[in-house]
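Undergrad: A structural model of the following input is requested.
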Amino acid sequence: MHHSIEVKNLSYSYPDGHVALRGVSLNITPGEKVALVGPNGAGKSTLILHLNGILSGQGSVHVAGLPVIKENLGQVRARVGLVFQSPEDQLFSPTVHDDVAFGPRYQGLPEGEIRTRVEEALAVVGMQDYAQRVSHHLSVGEKKRISIATVLSMKPEVLVLDEPTSGLDPRARRSLIQLLDDLDLTMLVSTHDMHLVSELFPRTVVMDEGRVVADGPTGTLLADEALLRAHGLEAPD
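TA: Down below sits the predicted model:
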């Protein structure tokens, strides 16, 4: 049985010399939903960008049983749905339908299959009536849902999200949390939203200064005030 995500001793430095990851190891099994927390600059986003080969450091990364290497990037990116913090990084087509169809079309799927996948992905995120809308006219919450649909249309095995609730009003945030709760996918979510962490994720990984400093049951970690304080985190009220 392969891990959905398997990171071994991963290190990465940016071209300016900044060391972002220092020997990170992390295993996530199929079906797990895991929160990734830590202060700004901890290395969370850098780690996420290694999971579909946008960045490549020293060490090894496997997703859905595949090594994340240049030769596999097409397959890797079909299996790992990466949803960026800003929907603007993901939505660039004339209509919502075109945005959600982009991945399957890039994979060379037949037009009928693409249409089916778009309809299914939009239905999952509750946006089936938005297919002909223009993405940049939508609210932030709507854009976030469409962004998730753009990766669901690829039928990924793993969903990776960066700060999914940032910029959302309370109602949009609540409905997004419900959506993530309903999705039956392996999930790694980087977030500062500790309420989201406590509500949704049985397991939490804490990063700081490029290292994994804690990894365990969410309830246990959130009850450890000294740990949270040491790494710039606060337990939800």
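Undergrad: Just give the number of residues close to the closest residue to residue 56 other than its chain neighbours.
TA: Closest residue in space to residue 56, ignoring its immediate chain neighbours: residue 50 at 6.9 Å, by C-beta to C-beta, 6 or more residues apart in numbering. C-beta coordinates here come from the backbone N, C-alpha and C atoms, glycine included. Neighbours of residue 50 under the rule other C-beta atoms under 10 Å: 21.
Undergrad: For residue 50, list the residues it contacts.
TA: 7, 10, 12, 21, 56, 57, 61, 68 (C-beta atoms under 8 Å, 6 or more residues apart in numbering).
Undergrad: buried subset of the residues you listed?
TA: Buried members of those, scored by 16 or more other C-beta atoms under 10 Å, are 7, 10, 12, 21, 57, 61, 68.
Undergrad: Confirm that the fourth one sits in a helix.
TA: It refers to residue 21. No: with DSSP: H, G, I helix; E, B strand; the rest coil as the criterion, residue 21 is located in strand rather than a helix.
Undergrad: how much space between it and residue 220?
TA: 25 Å (C-beta to C-beta, to the nearest Å).
Undergrad: Now the element after the worst-scoring helix or strand of the chain on mean pLDDT, going C-ward?
TA: For the chain, using mean pLDDT, DSSP states H and E, the weakest element among its helices and strands is helix 73-79, scoring a mean of 89. Remark: after helix 73-79, the chain's next helix or strand is strand 80-83, criterion DSSP states H and E.
Undergrad: List the neighbouring strands of that following strand plus their orientation.
TA: Partners of strand 80-83 in the sheet, by DSSP bridges, are strand 158-162 (parallel).
Undergrad: and the strand it pairs with, how far out from the chain's middle?
TA: Here strand 158-162 is found 2 Å from its chain centre; the criterion is C-alpha atoms, centre = their mean, to the nearest Å.
Undergrad: Any chance you could list what contacts it?
TA: Residues contacting strand 158-162 (C-beta under 8 Å, 6+ apart): 4-5, 28, 44-45, 48, 51-52, 63-64, 79-85, 148, 151-152, 180, 183, 185-191.
Undergrad: continuing past it, what's the next helix or strand?
TA: helix 170-182.
Undergrad: does residue 92 really touch residue 99, like I thought?
TA: Yes: between residue 92 and residue 99 there is a contact at 7.2 Å, judged by C-beta atoms under 8 Å.
Undergrad: Of the two, which one has the most company?
TA: Shown here are residue 92 and residue 99; by other C-beta under 10 Å, residue 99 has more neighbours (24 against 11).
Undergrad: For the more buried one, which non-adjacent residue is closest in space?
TA: Closest to residue 99 by C-beta to C-beta, 6+ apart is residue 93, at 4.4 Å.
Undergrad: In terms of helices and strands, where is that neighbour?
TA: Applying DSSP H and E, one finds residue 93 in no helix or strand.
Undergrad: For it, give me its contacts.
TA: So residue 93 contacts 99, 101, 102, 135 (C-beta under 8 Å, 6+ apart).
Undergrad: And it, how close does it get to residue 132?
TA: From residue 93 to residue 132 the distance is 12 Å (C-beta to C-beta).
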